[in-house]
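In: 3D, please:
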Amino acid sequence: MKKKLKDFFSDFLNRKFLISIIALMLVQAIFYWGVKLFQVDYHYINAVIDSKIPFIPHFVYVYDMFYPMVLLTMYYIYCKDRKSYYKGVLAGIIGYLICDIIFISYPTIMNRPIVDYNSLDWLTGLVLKITYLADTPALNCCPSIHCLFCYQAIFSLCISKKIKWKVKVPASLFLLAIVISTMLVKQHYFYDVIFALVIFIITNIFVYKLKLYPRFTNKLKKKYNEEKEKQTKRRENKKNKKINTN
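Out: Numbering: from 1, shown residues only. This next block holds a predicted model:
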């Protein structure tokens, strides 16, 4: 087990995945909390449909699966279709920058329901309470970052010709369930989900139609080829040392 973990983290390509996805998540977290320092006036953008959407506390388990599910999905795409993965990461970065501009220009806040935790089982109550406390006050709701990243993961997964539909369908449905859960646990309004979809479409037009991806990957390919050459030389040197020793 230790050897497998060592091989995983020492592999150049795995390191690239870990660095890129962790950097994306860190940038998202830093900007999300940093933007709050500059916000003063908040807006509620709830629609009539929000009053029709029920509050279902147990969906908090689905909602909290956001990070592990997105990470696993993107890693799977990374392993199967690196081009689709990097396009997804690039679109995610652009999308998040657009969201930050909106957060600063028009900050929104979520009006959460008053929860009777005594009516819930202890585990659901605890998980829901921690989830709410981790994001209090509930600012920067529109557009929803959760939904934006879920849309991107679904799109990157489904557009790949190298990934089978038996993987695409269940993974996409689960990611879609996370999107729905944002409204069912009252973390986001309906408009938050819709505007995230609009930004997702815009960012992917930039990446796919305006061909930003080739510019982004030229330097990456060069570094990758250089690293592969270094790895090959290291292996040859090790073999030569063993031959000389024998």
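In: So what's the predicted local confidence for residue 231?
Out: At residue 231, the model reports a pLDDT of 69.
In: hang on, I meant residue 143
Out: If you check residue 143, the pLDDT there is 90.
In: That one belongs to a helix?
Out: No - with DSSP: H, G, I helix; E, B strand; the rest coil as the criterion, residue 143 is located in coil rather than a helix.
In: Report the contact partners of it.
Out: Residues in contact with residue 143 (C-beta atoms under 8 Å, 6 or more residues apart in numbering) are 99, 102, 192, 195-196, 198-199. All C-beta atoms are positioned from the backbone trio N, CA, C, and that covers glycine.
In: which strands and helices sit next to the helix or strand containing residue 153?
Out: Residue 153 belongs to helix 145-159 when assigned by DSSP states H and E. In terms of contacts (3 or more C-beta pairs under 8 Å, 6 or more residues apart in numbering; DSSP states H and E), helix 145-159 is packed against helix 66-80, helix 82-105, helix 165-184, helix 190-204.
In: which parts of the longest one are buried?
Out: In other words, helix 82-105. 82, 84-96, 98-100, 102-103 (16 or more other C-beta atoms under 10 Å).
In: gap between the residue positioned nearest the centre of the chain and residue 52?
Out: The centre of the chain sits closest to residue 149, judged by C-alpha atoms, centre = their mean, with a distance of 4.2 Å. Residue 149 is 26 Å from residue 52, where distance means C-beta to C-beta, to the nearest Å.
In: Could you do residue 122 as well?
Out: Going from residue 122 to residue 52 by C-beta to C-beta gives 30 Å.
In: got it, and residue 118?
Out: From residue 118 over to residue 52 (counting by C-beta to C-beta), the distance is 26 Å.
In: swap in residue 238?
Out: According to C-beta to C-beta, residue 238 and residue 52 sit 66 Å apart.
In: And for residue 59?
Out: 16 Å.
In: so what pLDDT did the closest residue in space to residue 177 that isn't next to it in sequence get?
Out: Spatial nearest neighbour of residue 177, chain neighbours left out: residue 62 (5.3 Å); criterion: C-beta to C-beta, 6 or more residues apart in numbering. Listed pLDDT for residue 62 reads 95.
In: thinking again about what came up before, and residue 46, which of the helices and strands packed on helix 145-159 is closest to it?
Out: For the helices and strands packed on helix 145-159, proximity to residue 46 was assessed by C-beta to C-beta; helix 190-204 is nearest, at 7.7 Å.
In: Quick check: which ranges of this protein have low pLDDT?
Out: Low-confidence regions of the chain, defined by pLDDT under 70, span residues 1-18, 20-21, 24-25, 28, 32-40, 210-228, 231, 239-246.
In: can you do 50?
Out: 1-10, 12 (pLDDT under 50).
In: Just the buried ones among the contacts of residue 143, please.
Out: If you count burial by 16+ other C-beta under 10 Å, the buried members of those come out as 99, 102, 192, 195-196, 199.
In: out of those, which one sits closest to residue 170?
Out: Set against residue 170, the nearest of the buried ones among the contacts of residue 143 by C-beta to C-beta is residue 196 (22.1 Å).
In: That closest one reaches residue 147, doesn't it?
Out: Yes - the criterion here is C-beta atoms under 8 Å, and residue 196 meets it with residue 147 at 3.8 Å.
In: quick one on the thing from earlier: compute the distance between the residue nearest to the centre of the chain and residue 69, please.
Out: To residue 69, residue 149 is 10 Å away according to C-beta to C-beta.
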